[in-house]
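> Show me how the following folds:
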Amino acid sequence: MDDLLSLKLAALADPTRRAIIARLAQGEATVSELRKPFPISQPAISKHLKVLETAGLIERGQAAQSRPRRLRIDALEETAAWFEQVRSLWSDSFDRLDALLDTAGPQQGEQ
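The predicted model follows:
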């Protein structure tokens, strides 16, 4: 998992980290604010944040001593672009299959 996309996808595979991303989509937040909805320890939330930071999905701010985290929209856009590319390939493949099936017409025994 050396490439950044793999790191992003691995980070997003965890439901707690996805919830953190969803919260940060509303605006930056401190570690203690991010921890509130979860029944986990401070070290555990810090580990989740570290994974998200390493993947480039969030960054640390510099507001006094609180160091709030904020979402990196550009990193999410890159990931979404990859998904869109894959979706487009699948969609094109299904369109070609539909066209092939349409040209094949009904098989023997079908009416």
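> Flag the shaky bits of this protein, pLDDT-wise.
1-2, 63-64, 91-93, 95, 105-111 (pLDDT under 70).
> Would you map the helices across it?
4-12, 15-24, 31-35, 42-54, 73-104 (DSSP state H).
> Just the buried positions in the fourth one, please.
This points to helix 42-54. For helix 42-54, the neighbour count (16 or more other C-beta atoms under 10 Å) marks 45, 48-49, 51-52 as buried. In short, each C-beta sits where N, CA and C put it, glycine included.
> same thing with the last one?
Within helix 73-104, the residues that qualify as buried by neighbour count (16+ other C-beta under 10 Å) are 75-76, 79.
> Also the second one?
Along helix 15-24, these residues count as buried under the neighbour rule (16+ other C-beta under 10 Å): 16-17, 20-21, 23-24.
> quick one: that helix to chain centroid distance?
With C-alpha atoms, centre = their mean, to the nearest Å as the basis, helix 15-24 stands 10 Å off its chain's centre.
> now for it, which elements pack on it?
Here helix 15-24 touches helix 4-12, helix 31-35, helix 42-54, strand 58-60, strand 69-71, going by 3 or more C-beta pairs under 8 Å, 6 or more residues apart in numbering; DSSP states H and E.
> ok so, going back, nearest to Q65, of the helices of the chain?
helix 31-35 (11.2 Å; C-beta to C-beta).
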